[in-house]
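Peer 1: This is the structure alone, sequence omitted:
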């Protein structure tokens, strides 16, 4: 059984850290980074090889100032290594919690963490929510993908808090028709509404104004996709509430969260976020690629991990908090597909048939809607699939699309990146909320 290097202490300390000075915060992160690097070198074969190849030793990393000595790694480089080499030695993957990405980055990935690591992330999110004006007893309605519970997590803590009137969260299936979602929200009358920007933006259609007239959450919190200014304006007007943004990923559940006073994104002290411009640290106000280290991931460490996002390095927030800031995050862009029968299809509906099934051979994918009645799936394979595998994908997707929509699967060697350097996993040539965004990057 893995011994967590002071993770329990970290879970107890995160509430206090938000009230500490920037210097105290830096000292805490330096100490946590030293523990993480020493653990990764001693217990995780991938990092042992990486450090040895670059003649590095944990003693060289005294704190965040020395992070530049460690090579930046990417998802594809991690995926090239066997999972056993990415995990702490001696851990049974079956005993860990699994975060299986829905492929929103175009590269499916399975992340594993311990129960305690997951609870540390939970406490970090609770503290961020508190700073965003969300109260412990608020009823939260979360519009998104409803997934089956992880068999390794009994949800004991969540259920206990729920019985005491805390942690009241209700999931709403974001893949339902907008009218069904509106009906569910009307019945719940949530204090806080949480969801993917694209899913909540569907609820701003004029035809739903009457159905949602009584839904007045105090806060709307979005994350998981790029929030455009137009989306923010529409969502805020529909619910007559301020819209606040969070930034995270499966590897890093909370990277940053919006300050309700200034609008800047506070970087969570549970991570070290770097913005690199042409390989060097970006200057204040300069744009660059996002590289993140998860200070509370020991079962499967992520150290100087390139997310594929772009951001602008910010200064300290005017609100006086000890957190650094980041702005202009250019992350995941997911287009809805308008279909001939009037439906707006979220591409995750197709993706989860690829990734949540037995298709481990998929290295990258991209869905392109060429016309209302034609969608093409581009697949880059880690190992060549058989004809029966391709046929099985088509069979699983066609009932979802209906008889009016052509669906084609194309095997490709590689999928080209956008001008921004990102892989865009879904694109509609019929209508895109994000084309204007990408033109500005």
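Peer 2: The structure has been received and is ready for your questions. This is a predicted model, so every value here is computed, not measured. Numbering: from 1, shown residues only.

Peer 1: Just the helices from the protein, written as ranges.
Peer 2: 7-17, 22-43, 45-53, 75-80, 83-86, 115-131, 156-163, 178-188, 197-201, 229-239, 348-355, 387-401, 435-440 (DSSP state H).

Peer 1: so which of these is the most packed in?
Peer 2: Compared across these, helix 197-201 shows the largest average neighbour count, a mean of 25 (mean count of other C-beta atoms under 10 Å). All C-beta spots, glycine's among them, are computed from the backbone N, C-alpha and C.

Peer 1: Please verify my assumption that residue 173 contacts residue 146.
Peer 2: Yes. Between residue 173 and residue 146 there is a contact under C-beta atoms under 8 Å: 4.9 Å.

Peer 1: Just send the helices of the chain back as TSV, with mean pLDDT and distance to residue 373 too.
Peer 2: Listed next are these as TSV, based on pLDDT from 0 to 100; distance: least, C-beta to C-beta, whole Å:
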stretch	mean pLDDT	distance to residue 373
helix 7-17	52	51
helix 22-43	94	50
helix 45-53	98	45
helix 75-80	87	33
helix 83-86	96	40
helix 115-131	92	41
helix 156-163	71	44
helix 178-188	96	22
helix 197-201	88	22
helix 229-239	92	27
helix 348-355	76	15
helix 387-401	91	9
helix 435-440	52	21
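
Peer 1: Using TSV, lay out those together with distance to residue 218.
Peer 2: Shown next, in TSV, are these (distance: least, C-beta to C-beta, whole Å):
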stretch	distance to residue 218
helix 7-17	22
helix 22-43	29
helix 45-53	44
helix 75-80	37
helix 83-86	41
helix 115-131	12
helix 156-163	20
helix 178-188	14
helix 197-201	15
helix 229-239	10
helix 348-355	28
helix 387-401	36
helix 435-440	28
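
Peer 1: Out of those, flag the one nearest residue 68.
Peer 2: Among the helices of the chain, helix 22-43 comes nearest to residue 68, with 12.6 Å by C-beta to C-beta.

Peer 1: Span of stretch 353-370 from start to end?
Peer 2: Taking C-alpha to C-alpha, to the nearest Å, the first and last residues of stretch 353-370 lie 20 Å apart.

Peer 1: 44 is where my numbering starts, stick with that
Peer 2: With 44 as the first residue, the last one maps to stretch 396-413.

Peer 1: Distance check, the residue minimising distance to the centre of the chain against residue 167.
Peer 2: Against the mean C-alpha coordinate of the chain, by C-alpha atoms, centre = their mean, the closest residue is residue 292 at 2.1 Å. Relative to residue 167, residue 292 is positioned 14 Å away (C-beta to C-beta, to the nearest Å).
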